[in-house]
Structures are given as C-alpha cells and as structure tokens.
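J.: Provided below for reference: sequence and predicted model.
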Amino acid sequence: MLKLITNANLFAPEAMGICNILVAAEKIIYIGPHLPVLDSVLEVEVTDLKGATLVPGFIDGHAHITGGGGETGPASRVPPVFLSQFTQFGVTSVVGVLGTDDLTRNTQSIVAQAYGLREEGMSAWCHTGGYHLPLTTLTGAARSDIVFIDPIIGVGELAISDHRSSQPTIDEFLRVASEAHVAGLMTGKAGILHIHMGDGKRGLELVREALDTSEIPARVFNPTHINRNKSLFDEALPLTLRGVRLDVTAFPAGHSDPGWSAAEAFLRYKDGGYPADKLTISSDGGGCLPHFNEEGELVRIGVGRSSTLIETLTEVLNNQVPMAQALAPFTSNVADLLKLSHKGRLQQGKDADMVVLDKQHTITDVMARGHWHKRHGKTQIFGTYEQS
C-alpha cells in the first residue's frame, strides 16, 4: 500500500515548510508542496498531519542491543533490548556494541540480534569487538568481519582510560584503527574505531598520539561518553578542529554527574563554536551505567534507555535552539559518520524513517522503513517476544 502523508511541517532536518510525502516499498518517492497525482486504482493510505512536525527517524549510534552489564556477576547482565524499546522513542536505526562483557556476549550474538531487529522492521547494524584486546570477532579479524559480514560497519566500543580496559598501547591502538580504516575503504562502510572513554587520568592521550604519529584519518577515531566528566569534555572539544567526530551519551536523569547531561554538552559545544557536523548523541540503551569509587569498586548502577534521545532533543529545543540544528546530532550527523547514505534525512529516494512530534515535542507517530510502528501515541508493532 502507498502511504501519503499530507500537511507535514517538515524538517529534513533543515526546515522545508508544509510538505506532502509519498511512501512506497519502504522508500520516500515524493516530497513537495503539491499533492501528487495518483491513479484511482491505487490503494493509498492517507495521513493528514494538520501541520504537525515531521522529522527524520533517530539513529542511535551506540546501544547494547544484546544487553550490557555483568560488572557484578551473571545476575547483573542486562537483557537484550526489545524492538519497541527503540521505535516507540523515535529510534528507527540502531548500531549495536559490546562493552565490558565481550565473553558471554560476542560478535556472533550481536550480529544475530541485528538481523533479528531487521526482521522485526527497524534498521540495525553493529560493531565487531568490545572493550578488550584481543578483539572478539567472528572471522578471526576485525578487517574481515567488516568486509564479509553485512551488519558490521566498524570496531567498538574499544575501551581506553578505563580500569576495565585491556590497557592498549599506542601500537595496538593504531593496529585496530588501521584494520577498521582499511576495511571501510574496501567496502564503503563507516570503518570507524568507536572508542569507549573512561574516567582515567590519561583521557584522550592515545587519540592525540594517534593523530600526531600516524597517517590514519582523524574521522576514523570516534570517542564516545565524552561528557562523562567535565575535564574529559573540555579535552575532547579541540579534537573536532582536527576532524575527529565526538559522541555524547544521553545519560538518564541522575547519571550525568560528574559530567554534563547530553543537552548541556550540546549547548556548550554549540556556544563554543565547534563544527556543527562533528557531534553526535547516542543513548547507550541497554547498557549498564556503573559508578565506581577510586578502588574500582562498584557503588551504584543504572541502565541506559533510548528514551533519553527524545528527552535530550526536547530539552535542547526548550533552550531556543532551532529545530534543524537540534536534530542534526540525532539524524544527519550520525548518518554521515556511519556512511548510511539512505538514512538521517527525509529526501526522495531515502528510507521512509520518520517521527511525528506534537507542539510539546512529544512523539505521537513513528514510521520505520515505511511502516507505522507507533500511531496516535500507541505502539503498533512489537518485537517477537514482547507480548508473550
């Protein structure tokens, strides 16, 4: 069935005004101010948005789709994330990562989970590896994982400056980055090294040394959680002037201290005049959010949620940031980083991933790959075992 969306206040993410959008076979086939002329024999579902805001579906570039955790034993392993825990909050594309536990969860399981989410109706990819070296891989090497396994687009999240990391040397760090970069060249995939940043005193030292001493392009290095403490955030910002793209984590309320919330980090980044296209925001959904003391002992724990993306967007918009600027770190910037040319923008020929917002920026409707997953505030499509 064709789907015609009329009278949408469209942000693609740039402001487009009132538009009509025609969807067929998971793709946007028309966007414009005029209603397309359609043959009367065609079956068309018409949705009149009556001026409501329509934006691209969010790309969550860092989520633990198989579940994270494990820091305090097997019972602390977070369960895999169900489909609607992404889609009801506007996430239509996700990239899965492994974290501390890259033993009981591995590349095989995260690839299978990505394929499962695809079957259920959203778009999903993943990275190979995890916190530790040697990397957990499926084929025996990161480069061949990226080249031969469709959902795998990079390496990560490799941990540095963290007591849970394998304490990589600069040579080991560069070797992994090289594997990712070359595989990206061979495939047209992202080929990035997605880097978990801990609270260690060395901070981004390895990344700066890599930029200073190697030929690997700056775009390959992609530090995440850079807002986890204020000194790390300040240290990270100048790297964008050298071409590094930074990822901010949308921590749930109560988990951003001693750093900045994602909204505060965005506003500080914007006010500092740093490159608008070098910042992305992800949720760490499904991942555990542990807090350790100076002895490396766990003192409290939480769980990341994709709902924090729309919460962050709303807070940014409430600070009078124009919609197009506010949307980019959730949509077009992520698509560009990950080389997902069919995602992140509402344009003819791209995937029909879109989110409807009311005047309070609440999500009312979500379309992923041309199918409505949420209508009028109610989830329409659930994962296989969500309602069992």
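T.: Done, it's in.
J.: and Asn227, its phi and psi?
T.: Reported as degrees, to the nearest 10, the phi and psi values for Asn227 are phi -100, psi 10.
J.: where's it relative to Leu279, distance?
T.: Asn227 sits 10 Å away from Leu279 when distances are taken as CB to CB, to the nearest Å. For glycine as for every other residue, the C-beta is placed from the backbone atoms N, C-alpha and C.
J.: which neighbours do the two have in common?
T.: Contact criterion CB atoms under 8 Å, 6 or more residues apart in numbering; residues bridging Asn227 and Leu279 by contacting each: Val248.
J.: tell me which of those two has more neighbours.
T.: Remark: of Asn227 and Leu279, Asn227 carries more neighbours, 28 against 23, as counted by other CB atoms under 10 Å.
J.: can you read off the pLDDT for the more buried one?
T.: We have a pLDDT of 98 for Asn227.
J.: got the contact list for Lys339?
T.: Residues in contact with Lys339 (CB under 8 Å, 6+ apart) are Ile153, Gly184, Gly188, Lys189, Ala190, Gly191.
J.: now it: how far from Thr87?
T.: Going from Lys339 to Thr87 by CB to CB gives 23 Å.
J.: mind checking the backbone torsions on the residue lying closest to Ala25 once chain neighbours are set aside?
T.: Nearest in space to Ala25, with sequence neighbours left out and distances taken as CB to CB, 6 or more residues apart in numbering, is Gly370 at 6.8 Å. Dihedral angles phi and psi of Gly370 (degrees, to the nearest 10) take the values phi 80, psi 0.
J.: low pLDDT regions in the stretch 151-300 of the chain?
T.: Along the stretch 151-300 of the chain, the model assigns pLDDT under 70 to residues 290-292, 296-300.
J.: SS state for His361?
T.: Assigned with DSSP: H, G, I helix; E, B strand; the rest coil, His361 falls in the coil class.
J.: check whether Leu232 really touches Met197, as I assumed.
T.: Yes: applying CB atoms under 8 Å as the test, Leu232 and Met197 come out as touching, 6.1 Å apart.
J.: neighbour count winner among the two?
T.: Shown here are Leu232 and Met197; by other CB under 10 Å, Met197 has more neighbours (27 against 22).
J.: rewinding a little: mind checking which of the contacts of Lys339 are buried?
T.: Neighbour counting over these (16 or more other CB atoms under 10 Å) leaves Ile153, Gly184, Lys189, Ala190, Gly191 as the buried ones.
J.: closest to Thr312 out of those?
T.: In terms of CB to CB, no member of the buried ones among the contacts of Lys339 lies closer to Thr312 than Ala190, at 22.7 Å.
J.: buried ones in the longest helix along the chain?
T.: Scanning the chain for the helix with the most residues, using DSSP state H, yields helix 170-187. For helix 170-187, burial by neighbour count (16+ other CB under 10 Å) applies to Phe173, Leu174, Val176, Ala177, Ser178, Glu179, Ala180, His181, Val182, Ala183, Gly184, Thr187.
J.: now stretch 110-124
T.: Applying a neighbour-count criterion of 16+ other CB under 10 Å, the buried positions in stretch 110-124 are Ile110, Val111, Gln113, Ala114, Gly116, Leu117, Glu120, Gly121, Met122, Ser123, Ala124.
J.: ok, back up a step: export the contacts of Lys339 to TSV and append columns for distance to Ile216.
T.: TSV is the format used below for those (distance: CB to CB, whole Å):
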residue	distance to Ile216
Ile153	17
Gly184	11
Gly188	18
Lys189	16
Ala190	14
Gly191	10
